[in-house]
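Q: Here is a sequence together with a model predicted from it:
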Amino acid sequence: MNRSFVKITRVVIALLVVMGTLGMSIATTFAQGDTLNILYWQAPTTLNPYLATGTKDDHAASVVLEPLARYDENGNMVAFLAQDIPTVANGGVSKDLTTITWKLKDGLVWSDGTTVTADDAIFSWQYCTDAATGCTQSPNFADVSKVEAIDAQTIKITFSKPKPFPYGPFVGQLVPIIQKAQFKDCIGANAASCTQQNFGPIGTGPYMVEEFKTGDAISFVANPKYRDPSKPFFKRLVIKGGGDAQAAAQAVLQTGEVDYSWNLQVLPEVLKQMESAGIGTIATAFGSQVERIHLNQANPDSALGPDKRSTYAADGSNKHPFLTDPAVYKALSMAIDRQAIADQVYGPAGKPTCNLVPAPAIYNSSNNDSCLKQDIDGAKKLLDDAGWVPGSDGIRAKDGVKLHILYQTTVNAVRQANQALVKQWWSEIGVDTELKSTDAGVFFGNDLASGDTATKFYADVEMFTNNFDGTDPEVYMGGQVCAEVPTQANNWGGQNYSRWCNADYDKLQAELGQTADLNARAAIVIKENDLYVQTGGIIPLIQRANVSAYNNSIEGVKINPWDSELWNIADWTRKS
């Protein structure tokens, strides 16, 4: 075992022991009885997934807002607001692949008792595709030219070109139907300021918002208008935010005062010890989730001011001073021992990966597997040959520019252990690294005034995990096109965090949108993946499993790596 890691692990475990009482302080804020208590230590900051930048927001919103269809725990598409899934075979998708027609279930109503209609779907599309809205889910509506109502229950979506995979719009947790009557004055520039709507959306799901204390807790009550009058089992739902992953795990596995805790980024030996108490069960599922380091292609220097800092310029005038150098980004990747991170930091919940898309297997590229073997000497030589020379302090420099990296991520023990190891390895090749950790609620929040959000990216590199809904990555890959770069103009709402813009990639994405054959689609995705990884968009690290825990009294949980983990919360019950 790496000696430096042993030291880091011991320090982290010692800290966790000291922090052990935090789980109690969080858990005791919950009510009991017919209340379902859930702990998301990354506190939700909005219930509008069209403006959200964090998974915790999407999950919390999913108990209220619903799409036409979503994905089950096996990645299969299942109808929710729709009567069934349209296909070419059943006539729901046109033979020329340019239209898809959805039929709403009979009798659907919003929680305020008004009828759900096709006009709500039309509005949801208009809301997200208005450039001033700052919608984070715009790739889901790629190539949509029109959404129209054939009648009050029938939604027809027309694409500007044949769309072999037409299930981007209104499929999955990220693109639900929102109520036109509630959000009609919130479209465009008004979107972010509609606090009442964003914090308390009217939905069709099993729960309604009772009170939302941003960054703290959300209380919900059962929706009396829910389409199945026998559900949900729990009359109240509380999603508590705050604390850390260690406390969240303790609250389920050791104190039993919480029913479900999400995203338990806790060192594996610590988590296993907690589960041995016999109070709760750890649930894991591997999907497309990848822990990665994004490399800022723009210059994050604070001296540039807010108009230019970390802002992409098409002419290259504001490019990063060294992260766009192939020798640098390749050396940074070569220096990392991914297997050590997987074995010692993630345990059974992590596998080393060199790709943005590690799953499903058909999309997993083997062309980058050299990253699986750490090569410190090779990284040094690469930098030497490129003219990056170590100074008297051991830090490499070239033309007056030093290899000093501000490396930011969220606060939790696993990520801090990960950061510490990467910093050590980078120091061995002459790169100076400053570590920064930000509260996850802030980092993945949508506060336009904050300089600590992932989309503003006021650092050289940042590390987090992302994934895609379902088993087809087309929409996900659309997040790396040039148009998705976050800017002030789109309220920092784009998904292209790295500010990586490549014309060849954009062409591949357009080709993917017109390709029907599964093997051909996989080949295009692999080309996209390789281009993104090999030219310095990201440094992939670990394919992460979803790791959550639930109290042994809870039944019906089906952990889902392809959609919201709360996707079937209406079916959860408690043993009597």
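A: Looks like it came in fine. Remember, predicted model here, so these are calculated numbers, not experimental data. Numbering: from 1, shown residues only.

Q: What segments of the stretch 201-350 of the chain are helices?
A: 245-253, 268-275, 326-334, 338-341 (DSSP state H, counting those that start in this stretch).

Q: Of all those helices, which one comes closest to Gly445?
A: helix 245-253 (17.7 Å; CB to CB). From N, CA and C alone the C-beta is placed, and that goes for glycine too.

Q: Just the angle for that closest one relative to helix 268-275, thanks.
A: Per axes from the mean of the first three to the mean of the last three CA atoms, to 10 degrees, the angle that helix 245-253 makes with helix 268-275 is 30 degrees.

Q: Do you know the pLDDT at Met1?
A: Confidence at Met1, expressed as pLDDT, is 37.

Q: follow-up on the earlier one: buried deepest among the helices of the stretch 201-350 of the chain, which one?
A: helix 245-253 (a mean of 30; mean count of other CB atoms under 10 Å).

Q: now for it, which elements pack on it?
A: The helices and strands touching helix 245-253, judged by 3 or more CB pairs under 8 Å, 6 or more residues apart in numbering; DSSP states H and E, are helix 22-27, strand 35-40, strand 260-261, helix 268-275, strand 280-295, helix 413-428, strand 538-551.

Q: Can you dump the C-alpha atoms of stretch 83-91 in CSV for me?
A: What follows is stretch 83-91, C-alpha atoms only, in CSV (Å, rounded to 0.1, in the frame of the first residue of the first chain):
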residue,chain,number,x,y,z
GLN,A,83,-49.6,6.1,-21.7
ASP,A,84,-46.8,4.2,-23.4
ILE,A,85,-43.4,4.6,-25.1
PRO,A,86,-43.7,5.7,-28.7
THR,A,87,-41.8,3.5,-31.2
VAL,A,88,-41.7,3.1,-35.0
ALA,A,89,-43.5,-0.3,-34.5
ASN,A,90,-46.4,1.2,-32.7
GLY,A,91,-46.7,4.3,-34.9
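
Q: residues in contact with it?
A: 69, 77-79, 92-95, 97, 100-106, 166 (CB atoms under 8 Å, 6 or more residues apart in numbering).

Q: a markdown table for the helices and strands packed on helix 245-253, including mean pLDDT?
A: Formatted as a markdown table, the helices and strands packed on helix 245-253 follow (pLDDT from 0 to 100):
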| stretch | mean pLDDT |
| --- | --- |
| helix 22-27 | 38 |
| strand 35-40 | 97 |
| strand 260-261 | 98 |
| helix 268-275 | 92 |
| strand 280-295 | 96 |
| helix 413-428 | 96 |
| strand 538-551 | 97 |
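
Q: hang on, the earlier thing: hmm, which of the contacts of stretch 83-91 are the buried ones?
A: 69, 77, 79, 92-94, 97, 100-105, 166 (16 or more other CB atoms under 10 Å).

Q: who touches the nearest residue to Phe457 once chain neighbours are set aside in this structure?
A: The spatially closest residue to Phe457, leaving aside those adjacent along the chain, is Ser310, at 4.9 Å (CB to CB, 6 or more residues apart in numbering). Listed by CB under 8 Å, 6+ apart, the contact partners of Ser310 are 296, 298-300, 456-458, 499.

Q: switch to 7 Å and redo it
A: Each residue near Ser310 by CB atoms under 7 Å, 6 or more residues apart in numbering is listed here: 296, 298, 300, 456-458.

Q: So which of the helices and strands packed on helix 245-253 is nearest Leu382?
A: Distance to Leu382, taken as CB to CB, is lowest for helix 413-428 among these, at 13.4 Å.

Q: buried residues in that closest one?
A: Neighbour-count burial for helix 413-428 flags 413-426 (criterion: 16+ other CB under 10 Å).

Q: Adding distance to Lys398, write those residues out as CSV.
A: Putting these into CSV (distance: CB to CB, whole Å) gives the following:
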residue, distance to Lys398
Ala413, 36
Val414, 34
Arg415, 30
Gln416, 30
Ala417, 31
Asn418, 28
Gln419, 25
Ala420, 27
Leu421, 26
Val422, 22
Lys423, 21
Gln424, 23
Trp425, 20
Trp426, 16
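
Q: Next, give phi and psi for Ile279.
A: phi -90, psi -30 (degrees, to the nearest 10).

Q: my read: it touches Ser553, true?
A: No - Ile279 lies out of contact with Ser553 (CB atoms under 7 Å); the separation is 9.3 Å.
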